[in-house]
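Enquirer: Sequence and predicted model, in that order:
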Amino acid sequence: MKNKILIAILAVGIAPFAAFSQVDITPTYGYNFGAKISGYSGGLKMKGAETFGIKIDMIREDGSGLQFAYTYASSYVNITDYSHPGFPGIETKFADVTENYYLLGGIKTLETGGILEPYGTFSLGAAYYNFTNVDSYYYLAQSDALRFALGFGLGAKIMFSEHIGLDVHIRALAPISYGGIGIGIGTGGVSGGVYAGSSFISGDVGGGLVIRLGNEI
């Protein structure tokens with residue numbers, strides 16, 4: 001009975017992958033150019049930083065498929081707050097921040113079977129921001145932020161063999177639906193300072209080593 005249950009669990013786990021001819025696993029390294037957003041009483045600027053992550057592409061024979069992407073960056077955030085009693089209107093450091101994107105979506109390879117495989121992606125998921133060393137003026141109002149996010153981009157895989165290649169890509173990453181100071185930095189309870197309730201888009205470029213499993217399309 002236990003063996004039958006184990007087989008059933010394995011079947012359920014493997015079934016989603018059965019329709020895909022190949023799986024590409026790509027550890028990635030890159031750079032996020034940061035972002036800037038302005039409100040009626042100030043603004044916020046996230047500094048650019050190195051990124052690390054992994055992409056898993058599951059591709060069908062027609063070149064379409066699914067992509068899971070995780071991206072991590074460690075950076076810091078500056079703030080310009082005209083209501084700040086100590087530094088009104090002066091850009092100062094707000095906090096250190098780690099940025100995590102978890103995205104799942106579609107990938108379409110435009111040309112298959114050759115050395116160069118250009119592709120496009122569109123993904124949905126979540127962005128999680130962890131703030132540390134928050135400015136003492138804001139720390140009571142600040143907490144980590146989890147936001148719905150989307151990403152879209154273009155890239156290409158340069159295959160040196162059937163199973164090894166190089167990936168290069170450029171993406172736009174955007175957290176959606178937040179208030180306070182951009183990515184959920186709420187100052188209303190402390191100073192009534194910066195409030196910018198719209199999304200920002202940050203640019204991300206990178207690449208990595210492609211490890212291909214399965215048959216080449």
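Expert: Received the coordinates, thanks.
Enquirer: tell me the helices in this structure, going along the chain?
Expert: Listed in chain order, the helices of the chain (DSSP state H) span 2-14.
Enquirer: Low-confidence bits of it, can you list those?
Expert: Across the chain, residues meeting the criterion (pLDDT under 70) sit at 1-20, 38-41, 87, 139-142, 177-200, 215-217.
Enquirer: Thr26: how many residues sit nearby?
Expert: Other residues lying near Thr26 total 24 when counted by other Cβ atoms under 10 Å. From N, CA and C alone the C-beta is placed, and that goes for glycine too.
Enquirer: Tyr82 versus that one, what's the distance?
Expert: With distances taken as Cβ to Cβ, to the nearest Å, Thr26 is found 44 Å from Tyr82.
Enquirer: Nearest spatial neighbour of the residue nearest to the spatial centre of the chain, chain-adjacent residues omitted?
Expert: With distances taken as Cα atoms, centre = their mean, Tyr101 lies nearest the centre of the chain, 3.2 Å away. Spatial nearest neighbour of Tyr101, excluding adjacent residues (Cβ to Cβ, 6 or more residues apart in numbering): Thr71 at 4.4 Å.
Enquirer: Make sure the one you found is actually in contact with Asn100.
Expert: Yes - at 7.3 Å, Thr71 counts as touching Asn100 under the criterion of Cβ atoms under 8 Å.
Enquirer: More neighbours: which of the two?
Expert: Neighbours of Thr71 and Asn100, each counted by other Cβ under 10 Å, are more numerous for Thr71; the result is 23 against 16.
Enquirer: That one bridge partners, please.
Expert: Gly53, Tyr101 (DSSP bridges).
Enquirer: For it, give me its contacts.
Expert: The contact partners of Thr71, taken as Cβ atoms under 8 Å, 6 or more residues apart in numbering, are Thr28, Asn32, Thr51, Phe52, Gly53, Glu99, Asn100, Tyr101, Leu103, Leu173, Asp204.
Enquirer: Are any of these buried, and if so which?
Expert: Neighbour-count burial (16 or more other Cβ atoms under 10 Å) applied to the contacts of Thr71 gives Thr28, Asn32, Thr51, Gly53, Glu99, Asn100, Tyr101, Leu103, Leu173, Asp204.
Enquirer: Extract the C-alpha trace of stretch 31-40 and format it as CSV.
Expert: The C-alpha trace of stretch 31-40 is given here as CSV (Å, rounded to 0.1, in the frame of the first residue of the first chain):
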residue,chain,number,x,y,z
TYR,A,31,23.2,43.9,-12.3
ASN,A,32,20.0,45.7,-11.3
PHE,A,33,20.1,49.4,-12.2
GLY,A,34,17.9,50.4,-9.3
ALA,A,35,14.9,52.6,-9.4
LYS,A,36,13.6,56.1,-8.4
ILE,A,37,10.1,57.2,-7.5
SER,A,38,8.9,60.7,-6.5
GLY,A,39,5.9,61.8,-4.4
TYR,A,40,4.4,65.1,-3.5
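Enquirer: buried stuff in that stretch?
Expert: Asn32, Gly34, Ala35, Ile37, Gly39.
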